[in-house]
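K.L.:
based on what follows, work out the 3D shape:
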Amino acid sequence: MKIAEQEAKAFAAAMSALGPFEPAPHIAVAVSGGSDSLALLVFLRDWLAPHGGRLTALSVDHGLRPEAAAECRQVGELVAALNGGGITATNGAALPAIDHHILTWQGTKPATGLMAAARQARYRLLTGWCRSHDVLHLALAHHADDQAETVLMRADHGSGAAGLAGMSALRCQEGVRLLRPLLGWRKHDLIAGLRRRGLSWIEDPSNRADRFERVRWRQQLGEQADIAPLLAEAAASGTRRDGLERLAARWLAEQGRVDPHGYVELPLPAVLDAEAELREQILRQVMEMIGVATFPPAPAGLAAIIVRLQASQSGERTLTATLGGCLLAVRRGRLSVYREADHCDGPIAVLPGQRLVWDRRFRVRVRSGPAIVADDPGSVPALPGLHVAALGKYGLRGRSLPTALKSVPQPARDALPGLWQGDRLVAVGEIEAVDRPQFSPRNGAAGTFYKLDVSFLPSRAATSCGFTVVTPTRHTM
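P.N.:
A predicted model of the protein is given here:
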């Protein structure tokens, strides 16, 4: 069998493990122009040919390096060259044309935690584009070397078995399926495949900058290191994690309650009666959903919370604790997990009619219309400076509590989105609030009402179909 046919067969097997797929699937690919993402793009183009699907390459310009914009344009040139190349795949089917779009990270960049913020922005832009274009699948080019580095990093950070599973080959995030079909491939095999095709790629200098932790582990491993033991460890941990996630999903479906105001309630005795590893998984999954943190809570912090929960059951009637962007509260045998209001996203500017995702938990839409028009029936302009931010401790102070929120616990109310103009609250959830700006006496008093449509749609679900494991395989590329 020719090498190209072996490649196609191995990749088809990897994609089959991530299916099933709808007829003629539309798949987006995150493409930086590096060897990994370019190899994935080529593999997917060949795989899609007999399926009659569509392929879109997405490049993200973080604006962190002066060369970034030019590199994104260079990706467009690489895509154009692929479109102008061969017309058939390995199996003889017609190759699909590849679309290319550049997504740009706008706004001020943080002074600290820049790489984590850039990663969040990248996923937000990629998944946002997929949602707005009805694309269900987003392919990512993480490979076996990336998996080995991830396992080493998490082991060094004291991660438990869940962390040592590394990256899942299939994950759902913000309504998009994240696919990692290359987790069984070595980087040098991907490069060799590109060279056989006569393709060039972009070298990102940040991949060699040892100021980044991942790069230091990469340098320690070396390109030809035997990573099979690390991959085997990840696969074993992943199999264990898959079982735990499925058990936790069943437990939560039977015992948990997700409130549409953005918090979860659990029966504390049932939580503490669960087997220790399952108990940790239950809390971890709930806290990942409510806290929307990039990484799950640290094992040591989670263990300390469980000790306090056990003490509260035997003695304390009430308890509050914080971890991973969450506030945990126990009252009358119920454990409630809220989002910490102080950890919510900062203000996000918004215009009437605009839809946005706030704090990775709520989908928000602003509506407006004339509320009071005395002498002039003409349209009333929208007020400038509108933004969405958490209600916080003071948002509802000094005003009557909307009926729909009277039964909502205070911590949950504090972390709900509100529509603000400056430091003035204009609308809460689906409750109308009327603003009456001053007009000239000729026009009389006029105003505009604003309504905030809010849906609780967290980026991470509390339950999933488990942790998809890639078992390392040997194959020739």
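
K.L.:
now His343: phi and psi?
P.N.:
His343 adopts backbone torsions of phi -100, psi 0, taken as degrees, to the nearest 10.

K.L.:
where does His100 sit: helix, strand or coil?
P.N.:
Here His100 is recorded as strand under DSSP: H, G, I helix; E, B strand; the rest coil.

K.L.:
what's near enough to touch the closest residue to Gly291 other than its chain neighbours?
P.N.:
Residue nearest to Gly291 in three dimensions, not counting chain neighbours: Gly325, with 3.4 Å by CB to CB, 6 or more residues apart in numbering. C-beta here means a position set from N, CA and C on the backbone, and glycine is covered the same way. Residues in contact with Gly325 (CB atoms under 8 Å, 6 or more residues apart in numbering) are 287, 290-293, 339-340, 343.

K.L.:
what does Ala329 give?
P.N.:
318-320, 335-336, 338, 409, 411.

K.L.:
between these, which sits nearest Thr104?
P.N.:
Nearest to Thr104 among these: Tyr338, at 34.0 Å, using CB to CB.

K.L.:
coming back round to it: just the ones in strands from the contacts of Gly325, please.
P.N.:
Arg339 (DSSP state E).

K.L.:
write a PyMOL command that selects only the buried members of the contacts of Gly325.
P.N.:
PyMOL command restricting the contacts of Gly325 to the buried ones, with burial defined by 16 or more other CB atoms under 10 Å:
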select buried, resi 287+290+291+292+293+339+340+343
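
K.L.:
least confident of the contacts of Gly325?
P.N.:
Sorting these by pLDDT puts Ala293 at the bottom of the list (77).

K.L.:
list the beta-bridge partners for the spatially most central residue of the chain.
P.N.:
Closest to where the C-alpha atoms of the chain average out (CA atoms, centre = their mean) is Gln173, at 4.7 Å. Assessed by DSSP bridges, Gln173 has beta-bridge partners Val176.

K.L.:
from Thr294, how far out is it?
P.N.:
Distance from Gln173 to Thr294, counting by CB to CB, to the nearest Å: 11 Å.

K.L.:
ditto for Val454
P.N.:
Distance from Val454 to Thr294, by CB to CB: 24 Å.

K.L.:
equivalent analysis for Met15, please.
P.N.:
Per CB to CB, Met15 is found 27 Å from Thr294.

K.L.:
who's more crowded, those two?
P.N.:
Neighbour count, other CB atoms under 10 Å: between Met15 and Thr294, Met15 has more, with 20 against 14.

K.L.:
in three-state terms, label the more buried one for me.
P.N.:
At Met15 the chain is in helix, as set by three-state DSSP.

K.L.:
around Arg332, how many other residues sit close by?
P.N.:
Neighbour tally, Arg332, other CB under 10 Å: 7.

K.L.:
so who does the residue lying closest to Glu265 once chain neighbours are set aside touch?
P.N.:
If the residues on either side of it in the chain are set aside, Glu265 comes closest to Arg257, at 4.6 Å by CB to CB, 6+ apart. If a contact means CB under 8 Å, 6+ apart, then Arg257 has 264-266 as its contacts.

K.L.:
try Val135
P.N.:
26-28, 56, 129, 176.

K.L.:
taking those one by one, which sit in helices?
P.N.:
Among these, DSSP state H puts Trp129 in helices.

K.L.:
Asp242: which of the contacts of Val135 is nearest?
P.N.:
Asp242 has its nearest neighbour among the contacts of Val135 in Val176, at 20.6 Å by CB to CB.
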